[in-house]
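Asker: fold the following, please.
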Amino acid sequence: MSYKKLTDRPIAGNLWFQCTMTLPAKGRGCHLITEHIEKVKEIEEFKVGLCHIILLHTSASLTLNENWDPNVRNDMEMMLNKIAPEDNIKYSHTCEGPDDMPAHVKSTLIGSELTIPIHNGKLTLGRWQGLWLCEHRNCAGTRKIVVTLSGAPSASN
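Answerer: Numbering: from 1, shown residues only. The predicted model follows:
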């Protein structure tokens with residue numbers, strides 16, 4: 001086992017920032033939202049830190065997955081529909097439509113929050129990684145997220 005230091009030493013000071021963001025309405029499926037999160041300019045103020053993102057809804061989810069081949073997102077939607085189908089299951093919760101209870105199941109399995117490291121003012125993602133909003137409803141509206149940044153400020157702060 002080996003490790004590489006990304007900072008020479010612990011950095012004094014602690015910086016916090018929080019904002020809400022409304023993501024545009026998307027059709028059912030998995031959608032890249034990395035560029036939306038990267039528009040939070042305050043990320044640039046951190047030498048090292050964490051970016052925590054929580055989705056304020058129970059019928060969609062957030063995940064970190066491949067950002068290159070859109071077929072991965074299509075295949076994920078197909079597999080999620082096999083895991084939590086709308087048809088041939090006798091759900092008790094049906095008052096919001098046949099896609100709602102399966103959406104809750106999918107959201108629980110995938111999750112509604114992510115934490116991404118920040119280094120030198122940028123999100124630390126693998127070469128092929130992107131942030132996804134997985135929309136599980138057929139006709140969903142906009143989705144609200146809260147982005148919380150914490151960590152050590154860059155030298156210019």
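Asker: give me the beta-bridge partners of residue 122?
Answerer: residue 119 (DSSP bridges).
Asker: burial count for it?
Answerer: 13 (other C-beta atoms under 10 Å). For every residue, glycine as well, the C-beta is placed using N, CA and C.
Asker: that one against residue 43, yeah?
Answerer: Yes - using C-beta atoms under 8 Å, residue 122 is in contact with residue 43, at 6.8 Å.
Asker: check the secondary structure at the residue nearest to the spatial centre of the chain for me.
Answerer: For the chain, residue 62 is the residue whose C-alpha lies nearest the centre (C-alpha atoms, centre = their mean; 3.7 Å). Secondary structure, DSSP: H, G, I helix; E, B strand; the rest coil: residue 62 is strand.
Asker: how much space between it and residue 85?
Answerer: The gap separating residue 62 from residue 85 is 22 Å, by C-beta to C-beta, to the nearest Å.
Asker: and what of residue 94?
Answerer: From residue 94 to residue 85 the distance is 14 Å (C-beta to C-beta).
Asker: can you list the weak-confidence ranges in this protein?
Answerer: By pLDDT under 70, the low-scoring segments of the chain are 2-3, 5-11, 156-157.
Asker: longest helix anywhere in the chain?
Answerer: helix 70-83 (DSSP state H).
Asker: list the buried ones in the following helix or strand past it?
Answerer: The element immediately downstream of helix 70-83 (helix or strand, assigned by DSSP states H and E) is helix 100-110. Within helix 100-110, the residues scored as buried using 16 or more other C-beta atoms under 10 Å are 100-107, 110.
Asker: just checking, residue 21 touches residue 148?
Answerer: No - using C-beta under 8 Å, residue 21 is not in contact with residue 148; the gap is 11.5 Å.
Asker: and stretch 106-125, what's buried?
Answerer: Neighbour count says stretch 106-125 has 106-107, 110, 112, 114, 116, 118, 121, 123 buried, by 16+ other C-beta under 10 Å.
Asker: show the end-to-end separation of it, please.
Answerer: With C-alpha to C-alpha, to the nearest Å as the measure, stretch 106-125 spans 24 Å from end to end.
Asker: could you do stretch 86-100 as well?
Answerer: End-to-end span of stretch 86-100 (C-alpha to C-alpha): 9 Å.
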